[in-house]
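> need a structure here:
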Amino acid sequence: TFPRQTKQPHRALSDFFHTNRHDVIALTCVSAGAKLSEAEREIYARGDYTEYYQFHGLGVELAEALAEIVHKQIRLDLGISEGEGSTLADVQMNKYQGSRYSFGYAACPDLELNRPLFDLLKPEEFGIELSETFQIHPEQSTSALVVYHPNATYYNI
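Numbers count the residues shown, from 1 in each chain. Down below sits the predicted model:
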């Protein structure tokens with residue numbers, strides 16, 4: 001189950017799906033890759049912390065950019081991308097239909113739900129693994145449920 005907001009408008013992730021007919025959900029898992037993580041560890045080991053933080057930030061942003069590209073392709077495939085802005089500001093402000101929800105965040109806090117996602121997508125074939133505590137490795141990786149509902153938005157619980 002997904003938690004519901006305690007305050008107005010009392011959203012829950014389940015609100016963005018039809019209950020009386022079939023609906024669509026997209027699942028994603030992307031990574032900046034193990035080589036990037038290895039290089040990051042080497043930089044850290046030699047004590048170059050400034051470069052490490054910059055390189056780590058680059059890896060995190062790369063994983064997020066990959067997730068955004070996959071999300072865009074999903075919107076194209078679903079035919080819901082008309083009228084979207086194409087600037088970086090449009091993307092940063094989520095000026096498109098739908099939202100991407102990752103386990104461990106407010107709308108879907110249960111990291112254990114990464115297990116069924118991994119069972120379906122099999123990202124291990126691409127070097128993405130799930131730890132015994134359901135964390136994704138390499139660190140600069142992300143998984144998500146992609147919801148196309150026009151009212152889907154990020155929210156706090």
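> return the helix or strand in the protein with minimum mean pLDDT.
Lowest by mean pLDDT, DSSP states H and E among the helices and strands of the chain is helix 88-92, with a mean of 70.
> Glu51 and Arg41, how far apart?
Distance, Glu51 to Arg41, using C-beta to C-beta, to the nearest Å: 12 Å. In this view, the C-beta of every residue, glycine as well, is placed from N, C-alpha and C.
> most remote residue from the chain's center?
Within the chain, Arg46 marks the point farthest from the mean C-alpha position, 31.3 Å out by C-alpha atoms, centre = their mean.
> check contacts around it.
Shown in contact with Arg46 (C-beta atoms under 8 Å, 6 or more residues apart in numbering): no residues.
> could you do the one 5 residues further on as well?
Residues counted as contacts of Glu51 (C-beta under 8 Å, 6+ apart) are Ile43.
> wait, is it part of a strand?
No. Counting by DSSP: H, G, I helix; E, B strand; the rest coil, Glu51 is not found in a strand; it is helix.
> what about Ala26, neighbour count?
Other residues lying near Ala26 total 18 when counted by other C-beta atoms under 10 Å.
> what residues does stretch 37-44 touch?
Glu51, Tyr52, Phe55, His56, Gly59, His137, Pro138, Glu139, Gln140.
> which one of those sits in the busiest neighbourhood?
Gln140 (24 neighbours).
> for that one, report the pLDDT, please.
Looking at Gln140, its pLDDT is 96.
> any idea how far it lies from Gly127?
With distances taken as C-beta to C-beta, Gln140 is found 12 Å from Gly127.
> who touches both of the two?
Common neighbours of Gln140 and Gly127, using C-beta under 8 Å, 6+ apart, are Ser31, Gly33.
> how many residues are close by the residue nearest to Tyr155 when sequence neighbours are not counted?
Nearest residue to Tyr155 in three dimensions, chain neighbours excluded: Arg11, at 5.1 Å (C-beta to C-beta, 6 or more residues apart in numbering). Residues contacting Arg11 under the criterion other C-beta under 10 Å number 22.
> Arg11 against Tyr154, yeah?
No. Arg11 lies out of contact with Tyr154 (C-beta atoms under 8 Å); the separation is 9.8 Å.
> which neighbours do the two have in common?
In contact with both Arg11 and Tyr154: Ala107, using C-beta under 8 Å, 6+ apart.
> mind listing what's buried in the host helix or strand of Pro116?
Counting by DSSP states H and E, the element that carries Pro116 is helix 114-121. In terms of neighbour count (16 or more other C-beta atoms under 10 Å), helix 114-121 has its buried residues at Asn114, Leu117, Phe118.
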